[in-house]
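**Q** Would you be able to build a 3D model of this:
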Amino acid sequence: MHTKATHLANLLQSCIDIKSHLAGKLLHAHILRNGLLSDTFLCNRLIEFYSKCGHIDSAHKVFNKISRKDIYSWNAILNCYCKVGNLEQAHILFNEMPERNTVSWNTLISSSIQNGFDERGLKFYYRMHLEGFIPTRFTLASVFSACGVLMDFDHGSKCHALAIKIGLDKNMYVGNSLLCMYTKCKSIGHATQVFGELSEPNEVSFTALIGGLSQIDQVDALQIFRLMHRQGIRIDSVTLSSILGVCTKSQTGESSIFYEDYGVFTCRHGKLVHGFTIKLGYENDLHLSNSLLDMYAKNGNMDSAEIIFTNLPTISVVSWNVMIAGYGQKCEMEKSVDYFQRMKLSGFEPDDVTFINMLSSCVKHGYIEEGRKMFTSISCPSLSSWNAMLSGYTQNGNHHEALSLFRDMQFGKFKFDRSTLAIILSSCANMGLLEGGKQVHATSLKNCCNSDKYVASGLIGFYSKCKKVETSKIIFDRVPEMDIVCWNSMISGFLLNSLDGEVFIFFKKMRENGMSPTHFSYAIVLNCCAKLASSDQGRQIHAQIVGCGYINDVFVGSSLIHMYSKCGVVDGARQCFDTMPNKNIVIWNEMIHGYAQNGRGEEALWLYRKMIELGMKPDSITFIAILTACSHSGLVDEGIEIFNSMKEEAFLDHYTCIIDSLSRAGRFKEAEAILDKMPYKDDPIVWEVLLSACRVHSNVSLGRRAAEELIRLDPHNSTPYLLLANTYTSFGRWDDVRALRERMSDNQVRKDPASSWIEYRNQMQVFMVDDGLDVVDHHKSRSSYK
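**A** Have a look, this model is predicted:
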């Protein structure tokens, strides 16, 4: 009898392996005819068979007929319900079990986590632990997966300690799960340590580490990929998708990585990975093809993206979304709309991502009304849609609309997240709306978001812009785990509020706390050096930048050129300019402006012409820089020629520059002719420029007109009174001077005391004087960064 039962069990196993429902039912009938249903082992195998074939009711009927149910019977039916996702019935069965073993707990824990109930899965794990069961590798793998999804570093690290205690930390299955958990929690240091302790890391180990590093340290991600290839580890489509993510440009449009000398690469490596993909035969893998499409689109290479898209064996919604987003990023709105229409005509239903991509394309390029129409057309906007629309309003300066939409969001009881709060804080900051920002702050406290690093950074920036830097400092000190963004926000706040000594002190503290400065950190400090005209401090920061590998970064490079130019070290600025391998329009503008600031107009003009010769298109900032250079160097005719050559409509700053240039040269009739035609007559800057020139050239009548216009625009500004008084003084018109001073007194206009400073022994000595040139205040700043 035992031999027959064993034979039938083996036959049932064969039916399970090939999911042969008909053959299994025949075996079930044979078991019934031969009175073998009392054999618990056979019944357990039958439950497993029906479970595998998806016939839950049949499995449960067999279970109910078992006279002597053992632990394996209960586990089999429990597993049956867990596999189909019927967790409620699984929980009922679990609670009815007369006894449980580790398999019972593992089944319930893993199924809860696989079905998205990560917190519930962790609760079952804690119950299991309290009841004295020792977790197996399967238990820990599920638990680490849940901790990763929840980004619960604390519980994950405690489970790691338990894994070490029971000797499972070296297990490959547990190790890989642990590695994934740490990467999802952004704890790359721990992830790297776990990776290093694995005896034989496999493709899962390498892919997990590459995926984690791709978000934080792209250089190391490439090095790990190279190591994986050298060691002969199998590279699959998932690994290739991860490394393609490293080969893309960031949202700011700059490459994710910068230099080969430092193990860094540019987006051309994406093409190498593409070739590798073809070599390994993965060109028909849809997920990998979409990753390639995404890589080319994000790098702005839409021609290659078009080729990939055209040759896709299967096109998915993801493929359409990537193309729509890619053209949106390249400011080709018509192409984005075209792909959107083609997508719908091809029978694809746009999803939430599609609408967000179209919405982002609209708002990114200033099509706010079209973006709002797109947003309104979404029947049930997701949180991402709300954030995209809010971000569009904020980025385009429509702050009132952003606040209004946020109120609609609150009244509609839509849930918001940390991104929503950061966007609204930005709008409040730009409007100087202190009370509104305080209300957002209160909302963050109510929703326990105040300790979030992202929200904290937004709050620091908001209070700093509202001149409440002490409040910013309090928020900064209360952040439990500060990241580089919080440090940058705080340092930027000090610079914004002219607390220059604090900028250097906090920059030093940041490094002492183990934070590596980013390109933005260096730009802030360099701007502070430029503001103080402190070339010594600037050179020290320059040396650090070279050591950290940011020397060729466009953002840092432009800040270095600006710093040296402001300090009068124009040759140093030019050296930085010449060594930049990739010069964009910002770099050219900064160098031209540097020459302009230091009166070297001929060199600025040569550089401007060289830029055009190399095919660079000047923008409005370029024209401001070169017109300023012509003005400061007396190159009036050259300035007029450039002003007249501008294809785009001239803005206020361009008019100001050309009027300044003509006025400095004493060509007031031409200046007045332009002044009378321009549309910016109510801007004080133009009149100030004209009044200053009138004082120099003793043009009293035009000077009086300029002064009267300035007084009309701002009666309490002392500048026009003083400049006109100096003009009268030069002609000995003392009665006019006296009348002007009486007018100042009647209007309660006060002259701000002048100030001056020098750098001495790494300290700033600041002097303030009154009208009698007596020193009224002497302030020694705090020790600056050494």
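
**Q** could you point out where the stretch 101-250 of the chain is predicted with low confidence?
**A** Applying pLDDT under 70 to the stretch 101-250 of the chain flags residues 215-219, 249-250.

**Q** list the buried ones in stretch 334-353?
**A** Using 16 or more other Cβ atoms under 10 Å as the burial criterion, the residues of stretch 334-353 that qualify are 335, 336, 337, 339, 340, 343, 348, 350, 353. No exception for glycine: its C-beta is placed from N, CA and C like everyone else's.

**Q** what's the average pLDDT for the lengthiest helix in the chain?
**A** Ranked by number of residues, the top helix in the chain under DSSP state H is helix 2-18. Here helix 2-18 scores 71 as its mean pLDDT.

**Q** Can you name the next helix or strand after it?
**A** Following helix 2-18 in sequence order, the next helix or strand is helix 21-33 (DSSP states H and E).

**Q** the inter-axis angle of that next one versus helix 2-18?
**A** Here the directions of helix 21-33 and helix 2-18 differ by 160 degrees (axes from the mean of the first three to the mean of the last three Cα atoms, to 10 degrees).

**Q** Show me what secondary structure element comes after helix 21-33.
**A** That would be, after helix 21-33 and using DSSP H and E, helix 40-52.

**Q** Show me what that next one is packed against.
**A** Helix 40-52 makes packing contacts with helix 2-18, helix 21-33, helix 56-65, helix 71-83 when contacts are defined by 3 or more Cβ pairs under 8 Å, 6 or more residues apart in numbering; DSSP states H and E.

**Q** Which residues are in contact with the closest residue to residue 171 other than its chain neighbours?
**A** Using Cβ to Cβ, 6 or more residues apart in numbering and skipping residues adjacent in sequence, the residue nearest residue 171 is residue 137, 5.0 Å away. Residue 137 makes contact with 168, 171, 173, 174, according to Cβ atoms under 8 Å, 6 or more residues apart in numbering.

**Q** contacting residues for the third one?
**A** Right, the one you point to is residue 173. By Cβ under 8 Å, 6+ apart, the residues touching residue 173 are 137, 138, 141.

**Q** Now tabulate these in TSV and tack on distance to residue 739.
**A** As requested, the contacts of residue 173 are arranged in TSV below (distance: Cβ to Cβ, whole Å):
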residue	distance to residue 739
137	93
138	93
141	88
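
**Q** now, which of these sits nearest residue 368?
**A** residue 141 (48.2 Å; Cβ to Cβ).

**Q** What strand or helix carries that closest one?
**A** Here residue 141 is assigned to helix 137-150, by DSSP H and E.

**Q** Sketch out the helices for the stretch 551-700 of the chain, chain order is fine.
**A** Taking DSSP state H, counting those that start in this stretch as the test, the helices found in the stretch 551-700 of the chain are 554-566, 570-579, 585-597, 601-613, 620-632, 636-645, 652-664, 668-677, 684-697, 700-713.

**Q** what does stretch 103-112 contact?
**A** Contact with stretch 103-112 is made by 71, 74-75, 78-79, 82-83, 85, 87, 90-91, 94, 97, 118, 120-121, 124-125, 128, 133, 136, 138-139, 142-143, as judged by Cβ under 8 Å, 6+ apart.

**Q** Could you verify my assumption that residue 30 touches residue 15?
**A** No: Residue 30 sits out of contact with residue 15 when judged by Cβ atoms under 8 Å, with a separation of 12.0 Å.

**Q** These two: which is more packed in?
**A** Higher neighbour count among residue 30 and residue 15: residue 15, with 22 against 12, using other Cβ atoms under 10 Å.

**Q** what's the spacing between that one and residue 33?
**A** Applying Cβ to Cβ, to the nearest Å, the value for residue 15 to residue 33 is 17 Å.

**Q** got it, and residue 41?
**A** In this view, residue 41 and residue 33 are 18 Å apart by Cβ to Cβ.

**Q** Those two: who's more crowded?
**A** residue 41 (16 against 9).

**Q** wait, isn't the more buried one in contact with residue 8?
**A** No: using Cβ under 8 Å, residue 41 is not in contact with residue 8, being 9.7 Å away.

**Q** one step back: which stretch among the helices and strands packed on helix 40-52 comes nearest residue 687?
**A** For the helices and strands packed on helix 40-52, the distance to residue 687 is smallest for helix 71-83, at 78.8 Å, taking Cβ to Cβ.

**Q** Run through the neighbouring helices and strands of that closest one.
**A** Where contact means 3+ Cβ pairs under 8 Å, 6+ apart, helix 71-83 is packed against helix 40-52, helix 56-65, helix 87-96, helix 102-114.

**Q** which residues touch it?
**A** 40-41, 43-44, 47-48, 50-51, 56, 59-60, 63, 66, 87, 89-90, 93-94, 97-101, 103-104, 107-108, 110-111.

**Q** Now the terminal residues of stretch 654-673, how far apart.
**A** Stretch 654-673 has an end-to-end distance of 15 Å (Cα to Cα, to the nearest Å).

**Q** Make 82 the starting number, not 1.
**A** In the new numbering, first residue 82, that becomes stretch 735-754.

**Q** which of the residues in that stretch are buried?
**A** 735-746, 748-749, 751-753.

**Q** Same question for stretch 468-482.
**A** Buried residues in stretch 468-482, counted by 16+ other Cβ under 10 Å: 468-477, 479-480, 482.

**Q** I'd like the mean pLDDT over it, please.
**A** Mean pLDDT, stretch 468-482: 85.

**Q** The longest helix of the chain vs helix 121-133, what angle?
**A** With the same axes, to 10 degrees applied, the angle from helix 83-99 to helix 121-133 works out at 10 degrees.

**Q** and helix 83-99, what other elements does it pack with?
**A** Under the contact definition 3+ Cβ pairs under 8 Å, 6+ apart, helix 83-99 sits against helix 102-114, helix 121-133.

**Q** Comparing the ones you listed, which comes out most buried?
**A** helix 121-133 (a mean of 23; mean count of other Cβ atoms under 10 Å).

**Q** For that helix, give me every contacting residue.
**A** Contacts to helix 121-133, defined as Cβ under 8 Å, 6+ apart, come from residues 86, 89-90, 93-94, 96-97, 100, 105, 109, 112, 117-118, 137, 139-140, 143-144, 146-147, 149-151, 153-154, 157-158, 160-161, 164.

**Q** Just the buried subset of the residues you listed, please.
**A** Buried by 16+ other Cβ under 10 Å: 86, 89-90, 93, 96-97, 105, 109, 112, 117-118, 137, 139-140, 143-144, 147, 150, 153-154, 157-158, 160-161, 164, out of these.

**Q** Would you work out how far apart the start and end of stretch 655-670 are?
**A** Length of stretch 655-670, first residue to last, Cα to Cα: 12 Å.

**Q** meant to ask about stretch 171-185
**A** Using Cα to Cα, the end-to-end distance of stretch 171-185 comes to 10 Å.

**Q** same thing with stretch 621-637?
**A** Using Cα to Cα, the end-to-end distance of stretch 621-637 comes to 14 Å.

**Q** Show me what the host helix or strand of residue 309 is packed up against.
**A** Using DSSP H and E, residue 309 sits in helix 299-311. Contacts defined by 3+ Cβ pairs under 8 Å, 6+ apart place helix 299-311 against helix 284-297, helix 318-327.

**Q** Next, residue 598: secondary structure please.
**A** Reduced to three states with DSSP: H, G, I helix; E, B strand; the rest coil, the structure at residue 598 is coil.

**Q** Surely it and residue 591 touch.
**A** Yes: counting by Cβ under 8 Å, residue 598 does reach residue 591; the two are 6.8 Å apart.

**Q** residues bridging contact with the two, i.e. touching both?
**A** Here residue 598 and residue 591 share the contacting residues residue 565, scored by Cβ under 8 Å, 6+ apart.
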